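Predicted structure and sequence below. I'll ask about it afterward.
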Amino acid sequence: MSGVTGFVIMAVVMVALAVVIATVALWRGDAAGQSSPRRFPGVMVALALGIPLASGLLYLELGSPSLLAAPPSTASGDEVESTAGAMPPISEESVASAAGELIRQLEIRLENDPEDTHAWILLARSLLFEERYADAADAFSHAVEQGTDDVTVLTQYADVLAHTRGGSLAGEPERVLHEALRIDPEYGHALWLAGNAAYQQGHHEQTLEYWGRLLPQLEPGSEPALVLEANMRQVREQMQAPAEGG
């Protein structure tokens, strides 16, 4: 496999991984079995995750996040076109193999340096590609225990941990979300999940408070905004139902 082809395959892995992570919890029922207003526009999450994931290979090679900025290409347009034309098709097997290799390299790195927080984060995200949710949660937990204050990582950990618990955000996932919101009170993904955690426990007013802070961050009239507004209407209707029944 040429260097260019290998890099392209890894880029495909990272894009696919971002989509997998974004769809981990698009729908989730609450603890009582009610249909929860859980659908969230995963594109917002995917865009946030794709950037750090794409830097993973350079990190493995160079060993420092500060060195991840790649120099501009010096190849001419003809050279680039020639290289692209000679590139073989990328198969699903190649993508899966590349993902497995990335995980193997990260595991080796962590055997030698278990305090490498950034490597734990990359490993967790890579494990999600293989749908190894429990292993991903464990890898995220190492990064969290080492004191990461990255709200993206904290929120991903809470989401994946809930996935391993049948969708429940109560307990440790909710605690981690509160920590993320302490660091960044307006972080959208954490606000969304915190609202779901409150909803699962029947705290509807708190659900509306979290989602009310998220709504202004979405473009008015966009699909994400319309979905969130519909969810908030559903919660308000549920709040009114007991009073009307009484």
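Structure received. Fair warning: this is a prediction, and the values are worked out from it, not measured in the lab.

going forward, measure contacts and count neighbours with C-alpha atoms only.
Fine.

can you give me the helices in this structure?
Secondary structure of the chain (DSSP state H): helices located at 3-22, 42-54, 56-62, 77-85, 92-112, 117-129, 133-145, 151-163, 172-183, 188-200, 204-214, 223-245.

Now for the closest residue in space to L215 that isn't next to it in sequence: which residues touch it?
Closest residue to L215 apart from its sequence neighbours, by Cα to Cα, 6 or more residues apart in numbering: A225 at 6.4 Å. Counting by Cα atoms under 8 Å, 6 or more residues apart in numbering, A225 touches 215, 218-219.

L128 versus D149, what's the distance?
Note on D149: its distance to L128, by Cα to Cα, to the nearest Å, is 21 Å.

And those two? Which one has more around it.
For D149 versus L128, neighbours defined as other Cα atoms under 10 Å are more numerous around L128 (20 against 14).

Which residues are in contact with L215?
Per Cα under 8 Å, 6+ apart, neighbours of L215: 225, 228-229.

Compute the number of surrounding residues for the nearest residue to Q146 once chain neighbours are set aside.
Using Cα to Cα, 6+ apart and skipping the chain neighbours, the partner closest in space to Q146 is T117 (6.8 Å). Per other Cα under 10 Å, the neighbour tally for T117 reads 20.

Return the per-residue confidence for T117.
pLDDT recorded at T117 is 94.

can you check Q240 too?
Q240 is assigned 90 on the pLDDT scale.

where's it relative to Q217, distance?
For Q240 relative to Q217 (Cα to Cα), the value is 27 Å.

swap in A119?
Between A119 and Q217 the distance is 31 Å, computed by Cα to Cα.

repeat for E209
Counting by Cα to Cα - E209 and Q217 are separated by 14 Å.

Looking at these two, which has the bigger crowd around it?
More crowded of E209 and Q217, by other Cα under 10 Å: E209, with 15 against 12.

and the closest residue to that one other than its chain neighbours, how many residues sit next to it?
Counting by Cα to Cα, 6+ apart, E209 lies nearest to G195, which is 7.7 Å off, once chain neighbours are set aside. Number of residues near G195 (other Cα under 10 Å) recorded here: 25.

so who does G195 touch?
G195 neighbours (Cα under 8 Å, 6+ apart): 206-211.

let's see it at 7 Å
206-207, 210-211 (Cα atoms under 7 Å, 6 or more residues apart in numbering).

Then D159?
P173.

Report pLDDT for it.
On the pLDDT scale, D159 is placed at 92.

what's the distance between it and P114?
Per Cα to Cα, D159 is found 23 Å from P114.

which stretches of this protein have low pLDDT?
Along the chain, segments meeting pLDDT under 70 span 1-97, 242-246.

try it again with 80
Where the chain drops to pLDDT under 80, the residues are 1-99, 241-246.
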